[in-house]
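Peer 1: sharing a model that was predicted from the sequence below.
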Amino acid sequence: MKRIATKWVKPSIGILTAIALTIFAGCQKPPVQIPQSDIIALTLTSDTTHLNADGQRILTVHVQLAQGKTVVDDAKAVTISISPNLGTFVGSSGTNSFQVTADSKGEADCSIMVSLTPGTYYIGASTTYNKITYKSADISVVLNPLAFSDKLTFTADNLNPVADGESVVNLTVMSKDEQNPKTLPLSANIGTFVSSGTATYSLPLDNTGKGTTQFKMSNQVLPHVITAAFPDGTSAIITLNPKPSYPDILVAESNTTKVDTVGTAVTVTAFLEKNDANALVSQATRVSYSAYQLVNGAKTPCGRFTGTAVAVSDAKGTVPAVSFYGDTGDIIKTQLVYVDVTVANSATTTLTKTLQLQVKQ
């Protein structure tokens, strides 16, 4: 076999350089990627345990930019972003984002007032340096729905007012209803709302869901039940248990100053008043009657009454008339007959008006 001759060709400098660069590049490590969470970190500093969508709780978030990196030195502006309907930024009209400035330590804080809408939401932070945006990991926030009874609070500054037709109770409503209605219907079984003069009233609510009004008591010593109810069925009830309005003045009169022993009725009327001309005595205030003669200085009962079972005051303080009869055979004709008309004017004291009747011979 014939050997074929070969000739070695010396490689050029350019080719060697290219090979060397290729080998060097193949041995070089790829650049290390810094996690974005190391550049900008977001933490929630508020307690979110049992966090309700009540429109009142405040969430505080804290941003930390990495110290010693160019981002800290040159990217002080931080944008906080939240999911729609999570809430509003405190001190800003923005709804979905708010810009804060980090301090010399790379720290910044932001506050968010939660909304009235339950759901799962997210909060994030970002900063931009050299046209590159760095983002933190998102934080999830769960707003729990309010319990049915928590959607509406209804309070009164006095649960035991006086039933005098004049006393006023201040009512306060705080609505947390998701629909955020502008008015709240109020109704009462007894008494009137000062603003309407009737037992019903549409209470205006402000932007926070708060409303106040005044309620005037009747003069009935009965539970005054006031109901606040939205169309969706959300409702709250206040029950006012009034104290009696006692009379300051007792007026009692008879239609005659004489009584016989054969059965002619003596009509006795009574009227109850307050010193305050605008106030009323409570309805159904009971008046009692007794008749007696003084025998040897002792009170000796005599005669009889009819109509005492219904001797209670009406709305204006008038007491139905009662009748006294001297036909019981126990009247001494030579002695005066005294008729006492008595009513309570406090829990422990009474007023008494005494009428004197002569016995017809």
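Peer 2: Nice, I can see it. Numbers count the residues shown, from 1 in each chain.

Peer 1: hmm, who's touching stretch 342-351?
Peer 2: Here stretch 342-351 makes contact (CB atoms under 8 Å, 6 or more residues apart in numbering) with 246-250, 270, 272, 285-290, 352-353. All C-beta atoms are positioned from the backbone trio N, CA, C, and that covers glycine.

Peer 1: for residue 109, see how far away residue 42 is.
Peer 2: 11 Å (CB to CB, to the nearest Å).

Peer 1: any common contacting residues for the two?
Peer 2: With CB under 8 Å, 6+ apart, residue 42 and residue 109 have common neighbours 61-63.

Peer 1: between the residues you listed, which is closest to residue 196?
Peer 2: residue 61 (45.7 Å; CB to CB).

Peer 1: so that closest one, which state does it fall into?
Peer 2: strand (DSSP: H, G, I helix; E, B strand; the rest coil).

Peer 1: which of the shared contacts of residue 42 and residue 109 count as buried?
Peer 2: 61, 63 (16 or more other CB atoms under 10 Å).

Peer 1: now the shared contacts of residue 42 and residue 109 in CSV, please, with extra columns for distance to residue 227 and pLDDT.
Peer 2: Formatted as CSV, these follow (distance: CB to CB, whole Å; pLDDT from 0 to 100):
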residue, distance to residue 227, pLDDT
61, 41, 93
62, 45, 93
63, 48, 91
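
Peer 1: ok, residue 42 and residue 109, which is more surrounded?
Peer 2: Using other CB atoms under 10 Å, the more surrounded residue of residue 42 and residue 109 is residue 42, with 22 against 13.

Peer 1: partner residues bridging that one?
Peer 2: In this entry, residue 42 is beta-bridged to residue 63, by DSSP bridges.

Peer 1: surely it and residue 141 touch.
Peer 2: No - Residue 42 is beyond contact range of residue 141, at 11.8 Å (criterion: CB atoms under 8 Å).

Peer 1: where do the contact lists of the two overlap?
Peer 2: Contacts common to residue 42 and residue 141, judged by CB under 8 Å, 6+ apart, are residue 123.

Peer 1: show me where the stretch 1-150 of the chain has strands.
Peer 2: According to DSSP state E, counting those that start in this stretch, the stretch 1-150 of the chain carries its strands in the segments 40-44, 58-65, 77-82, 87-89, 97-101, 107-114, 119-129, 132-135, 139-143.
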